[in-house]
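In: give me a 3D structure for the following:
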Amino acid sequence: MIGDLTAQTVTITGDGGDEVQAYLAEPQDPGPHGGVVVIHHLPGFDDSTKEIARRFAADGYTAIVPNLYWREAPGLPAEQAFAAGLAAGGIPDDRLVGDVDGARHFLSAMGTSSRRIATIGFCSGGRQSLLAGCRLPLQAAVDCYGGFVTRMSPKEFPIEIHPVIGLVSNLSCPLLGLFGNDDENPSPADVDELEQALTEQDKIFEFHRYDGAGHAFFNVDRPSYRAEAAKDGWQRILDFFGRHLAS
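Out: Down below sits the predicted model:
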């Protein structure tokens, strides 16, 4: 059921006690609501990511998007902040976890919170959602085609990204993975490797793979968008959150 919502820019306490900008979208009913930390993709704190937060709020979840490039580019538009973030070497994993933890605490402290919190991310954010699930106490995590989960970024890549597959023994929550079978990063073989690692560690997870879909098949602003896969994927996400974020 789609409901009314409000959205605003807020400040959260991120890694190291830093004040970090974030975008908050919440339902107008009194709740209690599950919380979703939306981890933006590499292009940054942009309109498409904020729209994802509003979509969750319309479906009854309080959603927050921390601006992961805020330290490098406070107040700058997404494209300039992205460039500044790349020039600084990207977002260190420890800082990412600290900022997501700050967003998690912000959501939990709200009077309408059920204190059941999930993360979700797309592309680089998918990898970081899995990372957060391995480093923080969460109730659910969603990885939408996160790259470099099973392997190191190549030397020609603009930033250095380390795999997180070695951390899955610490995964604190159920994981939902959504992947395109035409993707190259993560490739179907990468997804197989992650699936095997999770199975060996006896983790709760479910993966769904889509034929005819490559990377960024959720993104309506790119030629890679695949309507049928995205529609099914969104329903999978809402069903997953419905099971794991219920009060």
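In: all strands for this protein, in order.
Out: Assigned by DSSP state E, the chain shows strands spanning 5-13, 19-27, 33-39, 62-66, 113-122, 140-144, 175-180, 205-210.
In: by mean pLDDT, which helix or strand of this protein comes out lowest?
Out: Least confident element among the helices and strands of the chain, by mean pLDDT, DSSP states H and E: helix 78-87 (a mean of 95).
In: how far away from the center of its chain is that helix?
Out: Distance, stretch centre to chain centre, for helix 78-87: 19 Å (C-alpha atoms, centre = their mean, to the nearest Å).
In: buried stuff in it?
Out: Applying a neighbour-count criterion of 16 or more other C-beta atoms under 10 Å, one finds 78, 81-82, 84-85 buried in helix 78-87. C-betas here are computed from N, CA, C, even on glycine.
In: for residue 55, state which of those residues is nearest.
Out: Ranked by distance to residue 55 (C-beta to C-beta), the buried residues of helix 78-87 are led by residue 78 at 18.3 Å.
In: circling back to that earlier point, what sits up against the least confident helix or strand of the chain?
Out: Helix 78-87 has contacts (C-beta atoms under 8 Å, 6 or more residues apart in numbering) with 42-47, 67-70, 72-73, 76, 91, 158-159.
In: using PDB, write out every CA atom in it.
Out: The C-alpha trace of helix 78-87 is given here as PDB (Å, rounded to 0.1, in the frame of the first residue of the first chain):
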ATOM      1  CA  ALA A  78      26.600  15.000  -7.200                       C
ATOM      2  CA  GLU A  79      28.800  15.000 -10.300                       C
ATOM      3  CA  GLN A  80      31.400  17.300  -8.700                       C
ATOM      4  CA  ALA A  81      31.300  15.300  -5.500                       C
ATOM      5  CA  PHE A  82      31.800  12.100  -7.400                       C
ATOM      6  CA  ALA A  83      34.900  13.500  -9.100                       C
ATOM      7  CA  ALA A  84      36.300  14.700  -5.700                       C
ATOM      8  CA  GLY A  85      35.600  11.300  -4.200                       C
ATOM      9  CA  LEU A  86      37.500   9.500  -6.900                       C
ATOM     10  CA  ALA A  87      40.400  12.000  -6.600                       C
END
